[in-house]
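K.L.:
Quick one, what's the 3D model for this:
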Amino acid sequence: MKNIISIFILVMILIAQLKAQCGCLGEKTGGNKGVVPKYEFAEKVFDNAFFSEGPAAAYDGKVYFSDITFTSEVPGECGHLFVYDPLTGETKIYRSPSNMSNGMMIDPSNNLIVCEGADTGGRRITQTNLVNGESSVVASSYNGKPFNSPNDLTIDSQGNIYFTDPRYSGNEKLEQPVMGVYKININGNVELIIDNISMPNGIALSPGEEYIYVSCNDESAAENKFDSIYTGMFIARYKKNMAGDFIFDKIFTEFFGGYGPDGLTVDSDGNLYAAVRNEDDPAIWVFNSEGETIDWIRLPEVPSNVCFGKGDYKNILYITAGGSLYKINVKTSGLN
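P.N.:
Prediction:
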């Protein structure tokens, strides 16, 4: 009997160690409403970046992600762009320097659309054809002035690009009067569509594209330098009107305690996934379309962004956290 008890205790210790190493779903879950299968673990597949960000899944299963090398901590570098291949398990440099690539997404034409930030980066939106490797600039300015620091983006079914433009790092002169959210129309015109969030960060469209979600992660909210209406740590929801404009709908969810949301994505059921930068309890938070928290995916490193795989990998959630890339199987799938 003592041997059985000893073996049981040893097994429990090993499980606890594995959870601590890999990260997993915590004890608090949404029960039957949860999106992560019971006992599913977040598996680390790469850990050699400085600050991983912006995962983007390609149609061939590969996942591209950024490595932001802040010049204050890694002088002399200008970011890297990695690609992970789930077939081989290998991660390689796709492009270096990356011009401080941050959020990314792959459009239906198999172009990698990239937010290039400040801090010696391009401060623009670029595209790279993943077939022939050719790159071009999609947009580099608004009203004749450079962007602050394009951070994250999403693309609608028509090919229009929506991106956030805050400034977290870099000494380049700020020439835009707001930290805005922009739309690049398929004809190339750039529009400022949201100007009332103090520090817009992550961005995602709902499955029917009737809503757009924007996260605000403003650690200096008390200063509110741009006199924005909405400031702090929250996710806002905007609703598309008959003219196709997105109008503020509501504060979808708020965060308290000095931490807030970063990158966002949605699944085919309309659930919203947010990378929440809480050093004491790093996790992906999952909300249903009503703003109720239905699940958590806890991690050993602070997450920055999240995306779904495509095709055969559509039920895999990829997460950038710390200097790593994680993956985890979920019950739902991405939009494409």
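K.L.:
contacts and neighbour counts: CA atoms only from here.
P.N.:
Noted.
K.L.:
Can you tell me, leaving aside adjacent residues, what's nearest to Ile319?
P.N.:
Leaving out its chain neighbours, the residue that sits closest to Ile319 by CA to CA, 6 or more residues apart in numbering is Val306, at 4.5 Å.
K.L.:
And for the one you found, the neighbour number?
P.N.:
28 (other CA atoms under 10 Å).
K.L.:
Ok, Gly257 next?
P.N.:
Gly257 has 7 neighbours, counted by other CA under 10 Å.
K.L.:
Now do it, the pLDDT please.
P.N.:
What the model reports as pLDDT for Gly257 is 83.
K.L.:
can you map out the strands along the stretch 101-250 of the chain?
P.N.:
101-106, 111-116, 124-129, 135-139, 141-142, 145-146, 153-155, 161-165, 180-184, 190-194, 200-205, 211-217, 233-240, 246-254 (DSSP state E, counting those that start in this stretch).
K.L.:
can I get those strands in TSV with mean neighbour count and mean pLDDT?
P.N.:
Formatted as TSV, these follow (neighbours: other CA atoms under 10 Å; pLDDT from 0 to 100):
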stretch	mean neighbour count	mean pLDDT
strand 101-106	29	97
strand 111-116	26	98
strand 124-129	21	97
strand 135-139	15	97
strand 141-142	16	98
strand 145-146	14	97
strand 153-155	25	98
strand 161-165	26	98
strand 180-184	22	98
strand 190-194	17	97
strand 200-205	28	97
strand 211-217	26	96
strand 233-240	22	95
strand 246-254	16	94
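K.L.:
would you turn those strands into TSV with distance to Glu77?
P.N.:
Converted to TSV, the strands of the stretch 101-250 of the chain look like this (distance: least, CA to CA, whole Å):
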stretch	distance to Glu77
strand 101-106	12
strand 111-116	14
strand 124-129	18
strand 135-139	20
strand 141-142	24
strand 145-146	22
strand 153-155	24
strand 161-165	22
strand 180-184	27
strand 190-194	30
strand 200-205	23
strand 211-217	26
strand 233-240	30
strand 246-254	35
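K.L.:
re earlier: look at the residue nearest to Ile319 and report its pLDDT.
P.N.:
For Val306, the model assigns a pLDDT of 98.
K.L.:
swap in Ser66?
P.N.:
pLDDT recorded at Ser66 is 98.
K.L.:
Adjust the sequence numbering to begin at 743 for everything that follows.
P.N.:
Taking 743 as the first residue, the last one we looked at is Ser808.
K.L.:
Show me what the host helix or strand of it is packed up against.
P.N.:
Per DSSP states H and E: Ser808 is located in strand 805-809. Secondary-structure packing of strand 805-809 (3 or more CA pairs under 8 Å, 6 or more residues apart in numbering; DSSP states H and E): strand 794-799, strand 822-827, strand 843-848.
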